[in-house]
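>>> Predicted model, plus sequence, below.
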Amino acid sequence: LYKEYRHIRSMDMSYDTFLGAYSTGPDCYERIGDITGAYGRKAVIIGGKTALSKAEPEIRKCASASGIEITGTLWYGGDATYSNAKKLEESPEVQSADMVFAVGGGRAVDTCKVVSDNAKKPLFTFPTLASNCAAVTAIAVIYKDDGSLEGYFYPERCPVHSFINTKVIADSPRDMFWAGIGDALSKEYEVLLASRGEKLSHTPLMGAALSRSCTEPLIDFGAEALRQCERGEAGAELQEVVLDIIISTGIVSNMTNKYGEYYYNSSLAHAFYNGSTVIDAARRHLHGEIVSFGVLVLLTYDGQIEERDRIMRFNKSIGLPVTLAEMDIRDEDLKAIADKAETVLEWEKVPYKMSKERFIEVIRETSRAGEAMDMEKEAV
């Protein structure tokens, strides 16, 4: 009985949980002044070059109309690294600002989490892609200067507010949105696997329950949402999938991840992705693209073959990978992937003892199942 309740009894009884707030729709930037005004009158804009070209003019216009001064616009540096964050922290534009406006995708936003946390300035996010849930989470994925994984950074809280402009996201690259679907597919399966058998306290229990809402909207609306993105149309299906990718998975992340207490936020799908970062050819593929195959690996390892095949059919229907070859991963790369995967946090987030040998064989088994699906389609 004591072991069953070990998590609850070891918890600090006083704690904070930040879930993230958001505005959405094609005109949501008009809310900038009302929402950020209580935090200061000066903001620095930091983001990716393409993202800034699409979103900065409207952000500046709406900020100016509300009396918010922009101290400057800075490129985030091209990758989420501590060295890029340090350069930004030392810039006069950041030092003179009351708050940070992070514009772009996950790596730009994660860099800004480090900047804002170290500078003790509130962070507001303006995602221009629906490629992951970084815009609302209290965790940042940090890379080394050589592009390999450094680890995770945990800010004191998640971004104060996210402005999810569906018009801007509808104009984003289709492949980034596509990869976002692949990343979001992991949330339910990883959280439920990582938390299986645990007696969860209130917050992670709610997070695990909410994770069950993350998969079906992707399957129901994903294909049409991608077509709308191709047309640059901010339609209802696109908005549903965008909110699933950014908000649903982001809130689950915040509720299932408390630094030093518990971590149920991810498991074997991201262990596979993190392992793949040591393979040069795989690094040319998108994060969510590889994670989507990692979901299939997770389901295979866990013996959920019927569910794996269902998700594999969905992946196949929208072009997400179902074989190693589609990610330029060779059989001889699998040992290096498993060696790296064994070192990351997600490797341990399973309800049983992991085996590298079994992990490698499961990856092969998953890819063979994908190859068989390809052959079935060709036969039809």
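The structure has been received and is ready for your questions.
>>> rest of the way, CA atoms for contacts and neighbours
Noted.
>>> Find me whatever residue is spatially closest to the most centrally placed residue in the chain, sequence neighbours aside.
Of all residues in the chain, the one closest to the mean position by CA atoms, centre = their mean is residue 132, 3.3 Å from it. Spatial nearest neighbour of residue 132, chain neighbours left out: residue 180 (5.2 Å); criterion: CA to CA, 6 or more residues apart in numbering.
>>> and what of residue 52?
Using CA to CA, 6+ apart, the closest residue to residue 52 is residue 103 (6.6 Å).
>>> Quote the end-to-end distance of stretch 25-34.
Using CA to CA, to the nearest Å, the span of stretch 25-34 from its first residue to its last is 16 Å.
>>> List the buried residues for that stretch?
26, 28, 29, 30, 31, 32, 33 (16 or more other CA atoms under 10 Å).
>>> quick one: which of those residues sit in helices?
Of the buried residues of stretch 25-34, the ones assigned to helices by DSSP state H are 32, 33.
>>> Could I get the buried residues of stretch 25-34 in TSV, plus columns for distance to residue 317 and pLDDT?
Compiled in TSV, the buried residues of stretch 25-34 are given as follows (distance: CA to CA, whole Å; pLDDT from 0 to 100):
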residue	distance to residue 317	pLDDT
26	29	94
28	32	97
29	34	97
30	37	97
31	38	96
32	38	97
33	42	95
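>>> Tell me the one of the buried residues of stretch 25-34 nearest residue 172?
Residue 172 has its nearest neighbour among those in residue 26, at 13.6 Å by CA to CA.
>>> just checking, the closest one touches residue 166?
Yes: counting by CA atoms under 8 Å, residue 26 does reach residue 166; the two are 5.2 Å apart.
>>> which residues are common contacts for those two?
residue 234 (CA atoms under 8 Å, 6 or more residues apart in numbering).
>>> Surely the residue nearest to residue 132 and residue 131 touch.
Yes: look at residue 180 against residue 131 with CA under 8 Å: they come within range, at 3.5 Å.
>>> Next, the contact list for the residue nearest to residue 132, please.
Counted by CA under 8 Å, 6+ apart, residue 180 has contacts 130, 131, 132, 245, 288, 289.
>>> Which parts of the stretch 201-350 of the chain are strands?
257-258, 262-263 (DSSP state E, counting those that start in this stretch).
>>> Show residues contacting the first one.
Applying CA under 8 Å, 6+ apart, the contact partners of strand 257-258 are 204, 263, 264, 265.
>>> Mind putting those into CSV with pLDDT?
Formatted as CSV, the contacts of strand 257-258 follow (pLDDT from 0 to 100):
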residue, pLDDT
204, 95
263, 93
264, 96
265, 94
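>>> can you tell me which of the residues you listed are in helices?
residue 204.
>>> Could you identify which of the contacts of strand 257-258 has the most neighbours?
residue 265 (31 neighbours; other CA atoms under 10 Å).
>>> my guess is it meets residue 187, correct?
Yes: taking contacts as CA under 8 Å, residue 265 lies within contact range of residue 187: 7.4 Å.
>>> hey, what's in contact with both of the two?
residue 252.
>>> any idea how far the residue nearest to residue 132 lies from residue 153?
21 Å.
>>> Kindly report the same for residue 296.
27 Å.
>>> So if I had to pick from those two, which one is more boxed in?
Comparing residue 296 with residue 153 by other CA under 10 Å, the one with more neighbours is residue 296, at 34 against 18.
>>> show me the contacts for the closest residue to that one other than its chain neighbours.
Computed as CA to CA, 6+ apart, the closest residue to residue 296 that is not its neighbour in sequence is residue 308, at 5.6 Å. The contact partners of residue 308, by CA under 8 Å, 6+ apart, come to 296, 299, 300.
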